[in-house]
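1. Sequence and predicted structure are below.
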Amino acid sequence: MLSAARAPGESLPRRETLRRGSDYQRCYRSGARRQGALVTLHFLPNEEGCPRLGITASRKVGDAVARHRLKRWTRECFRRSPRRAALPAFDLVVHFKPGARAAAFAEFRAELDRLLAGLPRGGSR
RNA sequence: CGGAGGGCCCGAAGCGGUCGCUCCCCGGCAUCGUGCCGGGGAGAGGAAAGUCCGGACUCCAACGGGCGGCAUGCUCGCCAACGGCGAGGCGCGGCGACGCGACGGAAAGUGCAACAGAGAGCAGACCGCCGGGACCCUCGCGGGUUCCGGUAAGGGUGAAACGGUGCGGUAAGAGCGCACCGCCCGGGCGGCGACGACCCGGGGCACGGCAAACCCCAUGCGGAGCAAGACCAAAUAGGGGAGCGUGACGCGGGCGGCCCGUCCCGCUCCGCCGGGAAGUCCGGCGGCGCGCUCCCGGGUAGGUUGCUGGAGGCCGGCGGCAACGCCGGCUCGAGAGGAAUGACCGCAACCGGCUUCGGCCGGCACAGAAUCCGGCUUACCGGGCCCUCCGACCC
RNA sequence: GCCCCCGUCGUCUAGCCCGGUCCAGGACAUCGCCCUUUCAAGGCGGUAACACGGGUUCGAAUCCCGUCGGGGGUA
């Protein structure tokens, strides 16, 4: 079951995203966080057997186009990241900072990759 | 050729790759719901924006109406409706094509107008002009000072000063009188109408501005919003109902050193009926409390639905100046839900800069559906089509 | 999605309803001068703003319309 869910491809189905307000609240309340220049990363071990991704963007980041572009970049980077298969089963929340509006894609991907690499190894058992 | 005015349309846009997301259809596998694999199809805009108006739809309220409040404001028409649109009238701007206009009412009422100025509303005498009285100067003509009166033609102030020009008239003046122009009122004429100003009659002119000041008049408006609303419905707590069991061979405390206990004290369901001599005994009915089981309804999380085929597009014909309407045919173009429509690469266009002309570098707007429509407003790289006006030159 | 409020010197504000007296007043800050051996305090003087664009009016910070920005409420 676990190996079936962890398909080795670059797919990111809806099942592996955070989709509940309570999921986000749990992540903020009980999880740890890492700060980057463009982004804040919240994370918390989950029981799903695979990492799940959530994204938040407040209106301070920019207009709808800017916010949505950053969301798509985040999904793209997470989906194609080479270290994704090695990630522990965490719920992750990526929250943009206002400075992210002016970032270029390569710059953004480098930062996100660095933050993901800094996650602890353990995860849930 | 140059400049200008108006209208309409397109708008990450062309091709090829790699990896992905959402929905639908087909096939296969497993399956209680559903999930996985393969194939195919579809997947942001002219403004999706601002949320400034108007509707559809849904719920709430309601017998009907008024007051208040808000909005609109030349006329006629179009429209489901509108504060929108189309024609027309009037005013203003422009040589012109054309553009702009909150454009009802100031002879209903109440108000406002700083400063300047004599005076700011049915006004006003500062200078000036004219007449008269008194006093002074002068031989006299005349002049000066002052008082009373007349006068709105002139000066001056102001954003604005109570028709204009000319002639008569007068002490000087004045619509005081006359002519022309303007204005007002009534009637006729043209127009559905706003209005026009051709005609007739009357009036010497009374009617300044501001209603995006209060206000008056006319017309319109019940409230909320798809997170509306509908259906299914966990866990926990609570509500209602049914059935069964239970409410004394019990519990607590004291004493006898402790245990035990035939000792003492307290608590112990209620009502009615029947049996027994009687009781804390037995049986029945009703109520109350507790326990267990089952059922019912409300409702939260969550799920499903509303959810996209509609005042819909395209083509043609007819009516209308037009907005638009009618008829016929064809066609279906996103439906997410912490929210998909993406990222990267290689060529080719276009624009800008550099260029030792081979190329190199950079850019490619405004902006992202959230129930759906009709408008308005605002933002915007670049491009296409049509009509019209003015100027110059040529024929 | 719906609704409401607010934009005035560098900062906090008054004036707005009911237009003129406003080239917009006050406080703190800042600059110059005086006072003091010096600093502070004090005194005198100066610089400095009506978010933006239209409109109404003789005249707009004020009234009206539209943009832009900020804040808040609600499901």
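-> Everything's here; your move.
2. Any stretches of chain A with poor pLDDT?
-> In the predicted model, chain A carries pLDDT under 70 at residues A:1-10, A:121-125.
3. can you give me the helices for it?
-> Counting by DSSP state H, one finds helices in chain A at the ranges A:2-5, A:21-30, A:64-80, A:105-117.
4. for the last one, packing partners?
-> In other words, helix A:105-117. Under the contact definition 3 or more C-beta pairs under 8 Å, 6 or more residues apart in numbering; DSSP states H and E, helix A:105-117 sits against strand A:39-45, helix A:64-80. C-beta coordinates here come from the backbone N, C-alpha and C atoms, glycine included.
5. Check the longest one too.
-> Using 3+ C-beta pairs under 8 Å, 6+ apart as the contact criterion, the secondary-structure elements in contact with helix A:64-80 are strand A:52-56, strand A:90-96, helix A:105-117.
6. returning to that earlier point: would you mind giving the helices and strands packed on helix A:105-117 as JSON lines with distance to RNA strand B added?
-> Shown next, in JSON lines, are the helices and strands packed on helix A:105-117 (distance: least, C-beta to the nearest atom of the strand, whole Å):
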{"stretch": "strand A:39-45", "distance to RNA strand B": "10"}
{"stretch": "helix A:64-80", "distance to RNA strand B": "4"}
